[in-house]
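> My questions are about this predicted structure, shown below with the sequence.
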Amino acid sequence: MLTTLKRIVQEVNQIPVFDDALCCLANRLIEALKVDSCSIYLADYEQQHFMLVATEGLAKAAVGQVSGFSEGLIGLIGQREEPLNISDAPRHPRFKHYPEVQEENYHAFLGAPIIHQRKVLGVLTLQQKRKRRFSEDEEAFLVTLAMQLAVEIAN
């Protein structure tokens, strides 16, 4: 997995337009981890929300939609500043349904905070249609990639 991680980071770093790089990252994660959806949310501290900035698997029209810092699973990851691995996300008490995202068919959820110098810059998520818990290797992969992404966002 380390080789895959390195390849993804190198490819994404070569893309000069940040939004394009994020879209590429979402695509590469889906391919590498064989998941159904990958989404990237960035924090906006002025407006106190996370904004969906890139997705592969959710509705493209949802890009630009927001989730409050204290709302849903994205908000929970941001508050706790730690990964969240859930086999059936819609049953989680903090799950919030956003119709425009069109994630009704997804159950398994893995999210990792994007943190740089103790500040949450965003959240990176994976989703799968079938109920399952993501493996420790998948979680470590996502956390490592989130750390790499944090450096790029900060710079």
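Now that the structure is in, tell me what you want to look at.
> Helix or strand with the lowest mean pLDDT in this structure?
Using mean pLDDT, DSSP states H and E, the weakest-scoring helix or strand in the chain turns out to be strand 66-68, at a mean of 82.
> contact partners of that one?
Tyr41, Asp44, Gln47, Gln48, His49, Phe50, Met51, Leu52, Ile74, Gly75, Lys96, Tyr98 (C-beta atoms under 8 Å, 6 or more residues apart in numbering). Heads up, the C-betas are built off the backbone N, CA and C, glycines and all.
> Tell me the one of the residues you listed nearest Ser135?
Ile74 (21.7 Å; C-beta to C-beta).
> which SS class is that closest one?
Following DSSP: H, G, I helix; E, B strand; the rest coil, Ile74 is assigned to helix.
> Touching, it and Tyr41? I think so.
Yes. Contact criterion C-beta atoms under 8 Å: Ile74 and Tyr41 qualify, at 5.4 Å.
> what sits in contact with each of these two?
Here Ile74 and Tyr41 have Phe50, Ser67, Val123, Thr125 as joint contacts, going by C-beta under 8 Å, 6+ apart.
> What mean pLDDT does the longest helix that the chain contains get?
Determined from DSSP state H, the single longest helix within the chain is helix 136-154. Across helix 136-154, pLDDT averages out at 93.
> Same check on stretch 105-113?
For stretch 105-113, mean pLDDT is 95.
> Kindly report the same for stretch 76-89.
Stretch 76-89 comes out at a mean pLDDT of 96.
> Mind listing residues that contact it?
43, 50, 69-70, 73, 92, 94-95, 106-113, 115, 120, 123, 127, 131-134, 139, 142-143.
> Mind checking which of those are in strands?
In strands, defined here by DSSP state E, the members of the contacts of stretch 76-89 are Ala43, Phe50, Ala108, Phe109, Leu110, Gly111, Ala112, Pro113, Ile115, Val120, Val123, Gln127.
> In CSV, list these along with neighbour count and distance to Thr4.
Formatted as CSV, these follow (neighbours: other C-beta atoms under 10 Å; distance: C-beta to C-beta, whole Å):
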residue, neighbour count, distance to Thr4
Ala43, 21, 27
Phe50, 26, 27
Ala108, 21, 20
Phe109, 24, 21
Leu110, 27, 16
Gly111, 26, 20
Ala112, 25, 16
Pro113, 25, 21
Ile115, 20, 22
Val120, 20, 25
Val123, 27, 21
Gln127, 24, 19
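> What is the nearest of these to Glu31?
Gln127 (14.9 Å).
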